[in-house]
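Asker: Output the structure for:
(chains A and B)
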There are 2 protein chains.
Amino acid sequence: MTTNRFFTLESRPDGELADSDLRRHEQPIAAPAEGQIQVRTTCLSIDPTVRIWMSDIPQYMPPIELGAVVRSLGVGVVEQSANPGFAVGDRVIGMLGWATHPTFDPAVAMVQPLPAGLPLSDAKVLSLLGLTAGPTAYFGLLDVAQPREGETLVVDAAAGSVGGLVGQIGKIKGCRVVGIAGGPDKCAYVTETLGFDACIDYKNADVGKGLDEHCPNGIDVCFENVGGPIFDEILLRMNLNGRVSLCGLIADYNEAGRPVPGPYNFGMILMRRLRVQGFIVIDFLDRYDQATADLLTWARQGRLMTTEDVRKGFDALPQTLRELLRGEKSHGKLVLEP
Amino acid sequence: MTTNRFFTLESRPDGELADSDLRRHEQPIAAPAEGQIQVRTTCLSIDPTVRIWMSDIPQYMPPIELGAVVRSLGVGVVEQSANPGFAVGDRVIGMLGWATHPTFDPAVAMVQPLPAGLPLSDAKVLSLLGLTAGPTAYFGLLDVAQPREGETLVVDAAAGSVGGLVGQIGKIKGCRVVGIAGGPDKCAYVTETLGFDACIDYKNADVGKGLDEHCPNGIDVCFENVGGPIFDEILLRMNLNGRVSLCGLIADYNEAGRPVPGPYNFGMILMRRLRVQGFIVIDFLDRYDQATADLLTWARQGRLMTTEDVRKGFDALPQTLRELLRGEKSHGKLVLEP
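Answerer: Okay, the predicted model is just below:
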């Protein structure tokens, strides 16, 4: 008999997520109550934000409650439905969680049906249309940072699932795009496959010198995924009236709950009259269809490449998240098929 | 015979401004060359920004060159004119510098004639209409932070020349206004004279607890003059989609040139989707007349109070600036009559 396997959060991680912070369960699949559906998870998105949700620091969604299933974006297929909006066999996307056969209220889990006949693999759906990928890049760059043609855009975590799309959208909008990534392989991927104008290898080169070289006219727009010393180098080179779209601070996630100083060059916000804006894709949910349409069009035109790093095996979830946060993975969107 | 006394900057201060960083001169008054005017300085504005201009860190105007007169806003009277736009006897405002009888090109010094018959003392002109006072408060609050009726506005350095006006304009716009200032006298001034809803004494009370008490619905708008630990307490309590107008970072000025960490709660910008924007009043110069008109109207209606702390004696300039940056002065706009 098939069972539902799932991970619950038992304690808030102190620094890096430990296996002992989680508990693995195996239980009979629950039949859906009125309004609920039961889904077979086919692919889970591995995102840095999951680590934030595990802490009880102030954040944009409620933290995962202790004892609750670990929250995660995923794609699946409806196996049982007690909700008129969903039929057995529907392909869905939403917060399925770290569970193989979850049963839940689709509204609470922000689960939506995917368009029928979408010619994309599960992994590709997550890398292009998953909220934490394409729509995050789309709204964070276009609405929050508002790049103009001819401006210089710098993107860190450029080989990542968001950064890679941000840079390509920047190119579509006529920007000079400079990425920052760790290691020669990632940098080659960013320039050769994704078409950025340049990419700085922060593990083997001086980021400040690289920015001086590749941004001769300074930086107008920064799409910030990382924080820490790299962000400080970027801040120091921002042009007057530049814009920073603050999407993530990966460098700080494992420190959650401990004091980490902000950027040393914070004063540049004043000196260069910058606009620094945090955002979360959830604020733009009412325009999800617009983002989806544009992203699918650009992908069809060959102007948006995505790469997926597909892992397998439900029990590898904790280790896979750790690898993501350590920067150990290769490049592209990290997903896991349970 | 009257001479022109002036201070030049001889070395960039290391930490606090030292007398040895300056040189005092006394020379015959220079006759204006074609296009220039010669002014008798009647009142100088003492502003934290002067300390920034003395350093060669990245900033919004060129630093003061070594050997040049210390840059400063002031009011004066034209004594000699070789410029058709200015007549002898005109009252003017602009960057007169730390000089008693300077001769300069008015365009370079951003000097403008004041309206004839303005019923305001020199000190009042600087405290209400000086770029670093009223217009800074006006544009920084209304254009940059965009407060809405019923929102909670927090202003630090609330007894200062900018903060006091920011809070009063916030009240005019229907906000709940909470100030932060140092010492019971300043706090009484802020609530009783300026009409803020509350004022937290950061020298004698826990700022975090004070904010919790006086901002029961959180903080929507912050007008930030100070930086440092106070700003961290504010950041921690910002509401979703809050706005921070970054006007100054007084706490950091004496550290100019040395690494000072940014706010520890920088991550709140991400978590609460804040918009943090640096600005400088110079960007709004084309709308100076609009600000002046509104400020004069509100002052005439008794809705904008300003207080001036008038010092006397040209030679006291360095010490007066030091007192301002140490937070030792009482309250209101610090000015000096040479």
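Asker: Who are the contact partners of A:D283?
Answerer: By Cβ atoms under 8 Å, 6 or more residues apart in numbering or on different chains, A:D283 lies in contact with A:139, B:273. Just so you know, the C-beta spots here come from the backbone N, C-alpha and C atoms, and that holds for glycine as well.
Asker: Kindly apply the preceding question to A:T191 instead.
Answerer: With contact set as Cβ under 8 Å, 6+ apart, A:T191 has these partners: A:179, A:197-199.
Asker: What subset of these is buried?
Answerer: A:179, A:197-199 (16 or more other Cβ atoms under 10 Å in any protein chain shown).
Asker: what does the stretch 151-300 of chain A put close to chain B?
Answerer: Residues of the stretch 151-300 of chain A lying close to chain B by Cβ under 8 Å from any Cβ of the partner chain are A:227, A:236, A:240, A:246-249, A:252, A:259-280, A:283.
Asker: Tell me who's in contact with the spatially most central residue of chain A.
Answerer: Centroid-nearest residue in chain A: A:T132, 3.9 Å away (criterion: Cα atoms, centre = their mean). When contacts are counted by Cβ under 8 Å, 6+ apart, A:T132 touches A:45, A:47, A:49, A:73, A:161-162, A:281.
Asker: Spit out the contact partners of A:P229.
Answerer: Per Cβ under 8 Å, 6+ apart, neighbours of A:P229: A:V207.
Asker: what secondary structure does it sit in?
Answerer: Under DSSP: H, G, I helix; E, B strand; the rest coil, A:P229 falls in the helix class.
Asker: Next one: A:D21 from chain B, what distance?
Answerer: Distance of A:D21 to chain B, computed by Cβ to the nearest Cβ, to the nearest Å: 21 Å.
Asker: Could you do A:D156 as well?
Answerer: 14 Å.
Asker: Same check on A:C222?
Answerer: 13 Å.
Asker: Please identify which helix or strand holds that residue.
Answerer: strand A:219-224 (DSSP states H and E).
Asker: contacts for that strand?
Answerer: By Cβ under 8 Å, 6+ apart, strand A:219-224 touches A:137, A:140-141, A:145-148, A:151-156, A:163, A:166, A:170, A:175, A:211, A:231, A:234-235, A:237-239, A:242-249.
Asker: Tell me who's in contact with A:T103.
Answerer: So A:T103 contacts A:4, A:29-32, A:36-39, A:80 (Cβ under 8 Å, 6+ apart).
Asker: Give the buried subset of those as a ChimeraX selection command.
Answerer: With 16+ other Cβ under 10 Å as the criterion, this ChimeraX line picks the buried residues out of these:
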select /A:4,29,32,36,37,38,39,80
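Asker: picking up where we left off before, apart from its chain neighbours, what residue comes closest to the residue nearest to the centre of chain A?
Answerer: Among residues not flanking A:T132 along the chain, A:D47 sits closest, at 4.6 Å (Cβ to Cβ, 6 or more residues apart in numbering or on different chains).
Asker: contacting residues around stretch A:242-251?
Answerer: A:48-49, A:136, A:140-141, A:144-147, A:157, A:162, A:218-228, A:230, A:235, A:238, A:272, A:274-279, A:325, B:266-267, B:269-270.
Asker: From A:G170, how far off is A:G150?
Answerer: Per Cβ to Cβ, to the nearest Å, A:G150 is found 11 Å from A:G170.
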